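> what shape does this take:
(4 chains)
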Protein chains: 2
Amino acid sequence: MSKIKETSTNFANKQALSNKCLEVYSTNIIGGQWSLPICYALLSGKLRFGEIKKVLPNITERMLTLQLKKLEKNKVLTRKIYAEVPPRVEYELTSIGYELKPIIKELENWAKKHKKML
Amino acid sequence: MSKIKETSTNFANKQALSNKCLEVYSTNIIGGQWSLPICYALLSGKLRFGEIKKVLPNITERMLTLQLKKLEKNKVLTRKIYAEVPPRVEYELTSIGYELKPIIKELENWAKKHKKML
DNA sequence: GACATTACTTACATTTTTGTATGTATCCTA
DNA sequence: TAGGATACATACAAAAATGTAAGTAATGTC
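Sure thing, here's the model as predicted:
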């Protein structure tokens, strides 16, 4: 992954905040540019690597791989590899992954209100 | 602010995503390490610069200033300066700022579930 | 035997975010 | 007149996130 420096102040701050504020705990998992869009795409069912790429045309393969790994590590989604050639890999939200839905809903809700305000 | 390069691919991607996904629109505003904790602190009423600092002991003055500026620019909070010496500045959530509450609630909710899962 | 397909990996470069250290203005108080 | 208090600003440095370009492995198809 992207080698986080566990000695950095930033790392310590993130840890501390994460322990103190539950919201931060969550955003440490689903933050980042692409996590939420990926989860959003998966809300309607499992998808292959290439299919996610099509839904998010601007994402690079590198970023997609990294984010999927992180989300898998945090048990937000699962990875199923089929022993085929060419390879086939399917990604699916776990139950905790599906429970991101209310968060996404509220974020969308807020965005609408905020846009209306302008 | 931190001089964003409007010619970068990253900038273009953020714009594009922000337009397509409402969730991303929101996280572009309240993302970042300190935004949510600051808003959370302000949910219980207006606070002075120094008071926010006390609530978030690890934040640097620089970061606090930057985040407050960004949040003010996005109309999440307001800044009121009192012509006193030493200076007094109060920060208060706007009505759209207060409406972040459901988002924070869902994030906390999810965090609890996620922790329980481990 | 060259080529396409798929889901990656790796090395490297750029951009963005965050942190460190120091300085500033004004007035009051000791 | 030297500090103290407050809310910043500024220059610089480090770390983290993201992007670019190229390569890989296995197999089927032309």
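> and the helices in chain A, which stretches?
Along chain A, counting by DSSP state H, helices occupy A:9-20, A:22-30, A:35-42, A:49-55, A:61-73, A:95-98, A:101-117.
> can you list these in CSV and add mean neighbour count and mean pLDDT?
For every residue, glycine as well, the C-beta is placed using N, CA and C. Below are those laid out as CSV (neighbours: other C-beta atoms under 10 Å in any protein chain shown; pLDDT from 0 to 100):
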stretch, mean neighbour count, mean pLDDT
helix A:9-20, 14, 94
helix A:22-30, 22, 97
helix A:35-42, 22, 97
helix A:49-55, 14, 96
helix A:61-73, 16, 97
helix A:95-98, 16, 98
helix A:101-117, 17, 97
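> compare those helices and give me the one nearest residue B:43.
For residue B:43, the closest of the helices of chain A is helix A:22-30, at 10.9 Å, according to C-beta to C-beta.
> returning to that earlier point: could you dump the helices of chain A to CSV with distance to DNA strand D?
Formatted as CSV, the helices of chain A follow (distance: least, C-beta to the nearest atom of the strand, whole Å):
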stretch, distance to DNA strand D
helix A:9-20, 4
helix A:22-30, 8
helix A:35-42, 8
helix A:49-55, 12
helix A:61-73, 4
helix A:95-98, 18
helix A:101-117, 16
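> can you list the domains in chain A?
According to automatic domain parsing, chain A is divided into the following domains: A:1-30, A:33-117.
> just send the ones you listed back as JSON lines, with distance to residue B:24 too.
Listed next are these as JSON lines, based on distance: least, C-beta to C-beta, whole Å:
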{"stretch": "domain A:1-30", "distance to residue B:24": "12"}
{"stretch": "domain A:33-117", "distance to residue B:24": "6"}
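> for DNA strand C, find the nearest of those domains.
domain A:33-117 (2.8 Å; C-beta to the nearest atom of the strand).
> so, in contact with chain B or not, that closest one?
Yes. On the criterion C-beta under 8 Å from any C-beta of the partner chain, domain A:33-117 is in touch with chain B at A:33, A:36-37, A:40, A:58-59, A:74-75, A:96, A:99-100, A:102-115, A:117.
> would JSON lines of the domains of chain A with distance to DNA strand C be doable?
Output for the domains of chain A, formatted as JSON lines (distance: least, C-beta to the nearest atom of the strand, whole Å):
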{"stretch": "domain A:1-30", "distance to DNA strand C": "4"}
{"stretch": "domain A:33-117", "distance to DNA strand C": "3"}
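> residue B:68: which of these is closest?
domain A:1-30 (16.9 Å).
> distance from the chain centre to that closest one, please.
On the basis of C-alpha atoms, centre = their mean, to the nearest Å, domain A:1-30 sits 15 Å off its chain's mean C-alpha point.
> hmm, it touching chain B?
Yes. Interface with chain B: domain A:1-30 contributes A:10, A:12-14, A:16-17, A:21-27, A:29 (C-beta under 8 Å from any C-beta).
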